[in-house]
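Colleague: Below are the sequence and a predicted model for it; my questions follow.
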Amino acid sequence: MSRPSEEEQFLDTLRLPPVTVDKILAKLKGREKMHAGSDQRRHTRQALKDCGSVLMRVTHPGGSTAQCMVLPRDISAGGVSILHGSFLHTGTRVFVGLKNVQGDRHWFGGVIVRCSYFESRVHELGVKFDASIPIHDFLRADADGGSVRRELVGKVLYVEPSVDFRELLRFQCARMGVNITTTDSGGEALEMMEEIDFDAVLLELSLPDMPGELVIKKLSKMKPKPTILALTSEDSDSGDALPSGCEALVQKPVQEGDLYQLLATYLPTADRINSGEPMCSTFWSDSQLRPVIIAFVERLAESLNEVRSKLGEEGSAEEVIADVVRIRNAAGGYGFPVMSESLGKLSRLLQTEEGKDNQGLRSAWMEVEQLARLSEQFIAGIKSAEEEDELSGGLAA
């Protein structure tokens with residue numbers, strides 16, 4: 001007798017034909033439209049389609065266990081909505097098995113936070129994951145072949161003399177999550193670059209005050225060099241040759257989907273940095289260690305600024321790598337494993353030929369800086385809460 005497959009070991013509690021499943025999903029979607037605007041979820045949900053079988057291991061409150069096959073509805077970084085053939089108590093521990101786009105199954109722990117009866121034997125369950133997950137590893141392309149769009153992270157400077165193009169691109173970038181600043185002149189752009197560390201520059205080559213190529217030449221001398229993406233109009237005299245120092249040359253007008261693909265090549269996505277939630281040390285429960293953790297986080301920005309100032313300096317490569325390794329080890333020791341992993345990736349990149357790739361280095365550095373900001377946000381929140389408690393105590397006295 002052949003050994004049963006993984007799916008065959010899990011009970012299908014719904015046992016519904018595809019036609020019935022489609023009708024149920026349509027009804028649920030219609031019900032959601034009626035209650036649009038009342039959703040208070042923190043994470044954006046995406047339809048979970050064509051993902052293969054979704055399996056669930058259940059540990060009931062009494063200690064008994066069960067293995068079942070469930071029907072997925074949608075997913076976010078924080079949880080998943082599924083249809084199940086029986087009632088489950090809120091608080092029930094589960095592990096949900098999802099297949100990524102390569103077909104490999106990954107298991108994520110969570111807890112049932114909602115169980116509502118729908119019809120027949122169908123129950124809708126809400127599962128909250130123990131930790132945020134990279135949902136785009138599990139999302140297939142949509143019906144017309146397009147891919148699901150991830151929110152981008154980063155600061156972009158757009159140099160464009162036309163107010164119409166500036167406002168259009170500002171609107172498009174806002175929908176992608178990109179923080180964009182605009183100017184209409186090359187001179188002002190160079191001044192802004194001295195004060196603000198932009199991750200990418202979108203630059204119209206035909207500027208009123210100076211040639212775009214001159215702006216590119218000056219930007220290319222900055223350390224670290226920003227990602228420079230040149231834009232040109234169809235009737236421009238600039239031609240279609242890629243200017244030296246640019247990563248890409250794009251003709252205007254740029255459709256939003258094309259703009260997204262362009263920026264996504266050079267900017268990291270939000271799901272790579274834990275959905276922007278403040279980062280707490282894993283040792284925070286140790287009250288005696290908290291002052292030391294706070295001191296480390298408060299020193300972190302200065303330490304990273306020192307490393308940044310050395311990036312690209314001739315003869316400083318070994319010193320930069322040593323500094324990054326030192327901060328990585330400290331981050332791990334103070335209970336920030338995600339930050340330590342990110343710094344480890346950066347140090348490996350600096351030690352290989354890939355470190356010469358400005359795009360890869362900048363992306364890794366942006367991730368490290370964002371993780372540092374998330375840890376600072378946590379400490380700032382703790383201090384704010386303590387100040388409020390002291391104020392409340394003083395008023396009560």
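Modeller: Received the coordinates, thanks. Numbering: from 1, shown residues only.
Colleague: What segments of the protein are helices?
Modeller: 18-34, 163-176, 186-195, 212-219, 256-266, 290-310, 317-333, 337-350, 358-396 (DSSP state H).
Colleague: Mind giving me the packing neighbours of the longest strand seen in the chain?
Modeller: Once the chain is assigned using DSSP state E, the strand that runs over the most residues is strand 105-119. Packing partners of strand 105-119 (3 or more Cβ pairs under 8 Å, 6 or more residues apart in numbering; DSSP states H and E): helix 18-34, strand 79-84, strand 93-99, strand 122-129. (C-beta placed from N, C-alpha, C; glycine too.)
Colleague: among the ones you listed, which is the most enclosed?
Modeller: strand 79-84 (a mean of 23; mean count of other Cβ atoms under 10 Å).
Colleague: Could you tell me which strands that strand is paired with, and in which direction each runs?
Modeller: Strands that pair with strand 79-84, judged by DSSP bridges, come out as strand 65-75 (antiparallel), strand 122-129 (antiparallel).
Colleague: Any figure for the gap between residue 317 and residue 93?
Modeller: Look at residue 317 and residue 93: by Cβ to Cβ, to the nearest Å, they are 48 Å apart.
Colleague: in the sheet, who's paired with residue 230?
Modeller: residue 203, residue 249.
Colleague: Give me the distance between it and residue 291.
Modeller: 50 Å.
Colleague: between these two, which one's more packed in?
Modeller: Taking neighbours as other Cβ atoms under 10 Å, residue 230 and residue 291 compare with residue 230 leading, 23 against 9.
Colleague: unless I'm mixing things up, the more buried one is touching residue 201, no?
Modeller: No. Using Cβ atoms under 8 Å, residue 230 makes no contact with residue 201, being 9.1 Å away.
Colleague: Mutual contacts of these two, please.
Modeller: Common neighbours of residue 230 and residue 201 are not found (criterion: Cβ atoms under 8 Å, 6 or more residues apart in numbering).
Colleague: I would like the residues contacting stretch 12-28, please.
Modeller: Under Cβ under 8 Å, 6+ apart, the answer for stretch 12-28 is 68-71, 73, 83-86, 118-119, 121-122, 124.
Colleague: One more: stretch 157-165?
Modeller: With Cβ under 8 Å, 6+ apart, stretch 157-165 has contacts from 166, 169-170, 173, 180-186, 189, 192-193, 196, 198, 200-204, 206-208, 212, 215, 231, 252-253.
Colleague: average pLDDT across it?
Modeller: For stretch 157-165, the mean pLDDT works out to 93.
Colleague: what would the contacts of stretch 12-28 look like in JSON lines with pLDDT and distance to residue 62?
Modeller: Formatted as JSON lines, the contacts of stretch 12-28 follow (pLDDT from 0 to 100; distance: Cβ to Cβ, whole Å):
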{"residue": "68", "pLDDT": "92", "distance to residue 62": "17"}
{"residue": "69", "pLDDT": "90", "distance to residue 62": "22"}
{"residue": "70", "pLDDT": "90", "distance to residue 62": "21"}
{"residue": "71", "pLDDT": "87", "distance to residue 62": "25"}
{"residue": "73", "pLDDT": "83", "distance to residue 62": "28"}
{"residue": "83", "pLDDT": "90", "distance to residue 62": "24"}
{"residue": "84", "pLDDT": "90", "distance to residue 62": "18"}
{"residue": "85", "pLDDT": "89", "distance to residue 62": "19"}
{"residue": "86", "pLDDT": "89", "distance to residue 62": "15"}
{"residue": "118", "pLDDT": "85", "distance to residue 62": "25"}
{"residue": "119", "pLDDT": "84", "distance to residue 62": "27"}
{"residue": "121", "pLDDT": "84", "distance to residue 62": "21"}
{"residue": "122", "pLDDT": "89", "distance to residue 62": "24"}
{"residue": "124", "pLDDT": "90", "distance to residue 62": "23"}
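Colleague: I would like a ChimeraX command selecting only the buried ones among these, please.
Modeller: Remark: buried members of these, expressed as a ChimeraX selection using 16 or more other Cβ atoms under 10 Å:
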select :68,69,70,71,73,83,84,85,122,124
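Colleague: Turn the contacts of stretch 12-28 into JSON lines, including distance to residue 26.
Modeller: Conversion of the contacts of stretch 12-28 to JSON lines gives the following (distance: Cβ to Cβ, whole Å):
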{"residue": "68", "distance to residue 26": "24"}
{"residue": "69", "distance to residue 26": "21"}
{"residue": "70", "distance to residue 26": "19"}
{"residue": "71", "distance to residue 26": "13"}
{"residue": "73", "distance to residue 26": "12"}
{"residue": "83", "distance to residue 26": "13"}
{"residue": "84", "distance to residue 26": "19"}
{"residue": "85", "distance to residue 26": "19"}
{"residue": "86", "distance to residue 26": "23"}
{"residue": "118", "distance to residue 26": "12"}
{"residue": "119", "distance to residue 26": "13"}
{"residue": "121", "distance to residue 26": "18"}
{"residue": "122", "distance to residue 26": "13"}
{"residue": "124", "distance to residue 26": "14"}
